Every structure is written in structure tokens, then in C-alpha cells.
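Trainee: Build the 3D model from these lines:
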Amino acid sequence: MPRPCKRRRICALPGCRRFGVLDGSLKKQPPVIMTLDEFETIRLIDLEGLSQQQSAEQMDVARATVQAIYAEARKKLAICLIQGRELRIEGGEYLLCDGSNQNCRCCHCCKKQ
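Mentor: Numbers count the residues shown, from 1 in each chain. Take a look at the predicted model:
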């Protein structure tokens, strides 16, 4: 029996959870579903400029886990950009940050300091 998936800590829910082609010129294809933990790795690594190790500490998972999540998230973004498919951000195994993580740099934790 496989080990249960550890829930990843994320700092905030995305403001917009659906992205896609504005014109209807492309054939209707199923949307690409990005989980909230995949979204969080993109935010931390690409937007915040954190290393995979720093991101892993903030998300409370192993660095190898962040590396795998990040690779899957980038693949999904590439599919959306190249094939013009809709992207939806939803689901996943996650916990919203409550401000108790010492490694966190989110707005909840920064306000406490």
C-alpha cells in the first residue's frame, strides 16, 4: 500500500483560477488542470525567485518533491501555451498557510513580524 500524500503548505489561493483562449478559433479541447500546489511552486520559484530548497522549506515538503511538482507545473503551462488549451487551477493536497511557518515569507507571516 503506497504512502499517503503529504499535504503541501500554500500561502494563498490564486485570484484567478481559469485562463484560456479568448477567441473560439481553436477546436474545443479538454482543459489542463493545474493543482494549487503546482501553482504555488510556479509562484515561489519563478515569481518570488526562491530556490527549490527554499520553496521546499516554505511548502513543508522535500526538495525532490518540489522539483517533481515544479516539472509537472511547467509541462502543463507549456501545453496550454503551445496547444492553446484552457488552464484551470484547482484541487491538490494542500494546507493554507496559517502564519505559523518560520520559513514562510507570505503576507500573513510578514505581518506578524
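Trainee: for this protein, what helix or strand is lowest in average pLDDT?
Mentor: helix 107-112 (a mean of 50; mean pLDDT, DSSP states H and E).
Trainee: which residues does Arg74 contact?
Mentor: Arg74 is in contact with Ile42, counting by Cβ atoms under 8 Å, 6 or more residues apart in numbering. Quick note: C-beta positions are derived from backbone N, CA and C, even for glycine.
Trainee: Tell me if I am right that it is in a helix.
Mentor: Yes. With DSSP: H, G, I helix; E, B strand; the rest coil as the criterion, Arg74 is part of a helix.
Trainee: just wondering, since we're on it, how far is it from Gly99?
Mentor: Going from Arg74 to Gly99 by Cβ to Cβ, to the nearest Å gives 29 Å.
Trainee: Need the residues that contact stretch 83-101.
Mentor: 5-14, 17-21, 26, 29-40, 58, 60, 76-77, 79-80, 104, 106, 108-109, 111-112.
Trainee: Give me the distance between stretch 81-98 and the centre of its chain.
Mentor: Remark: stretch 81-98 is offset 6 Å from the chain centroid, using Cα atoms, centre = their mean, to the nearest Å.
Trainee: What residues of that stretch count as buried?
Mentor: 85-87, 89, 92, 94, 97 (16 or more other Cβ atoms under 10 Å).
Trainee: Would you mind measuring the gap between the ends of it?
Mentor: 34 Å (Cα to Cα, to the nearest Å).
Trainee: again, but for stretch 4-21
Mentor: So stretch 4-21: terminal residues 36 Å apart, Cα to Cα.
Trainee: can you start the count at 547 instead of 1 from here on
Mentor: From this message on, residue numbering opens at 547, which makes the last subject stretch 550-567.
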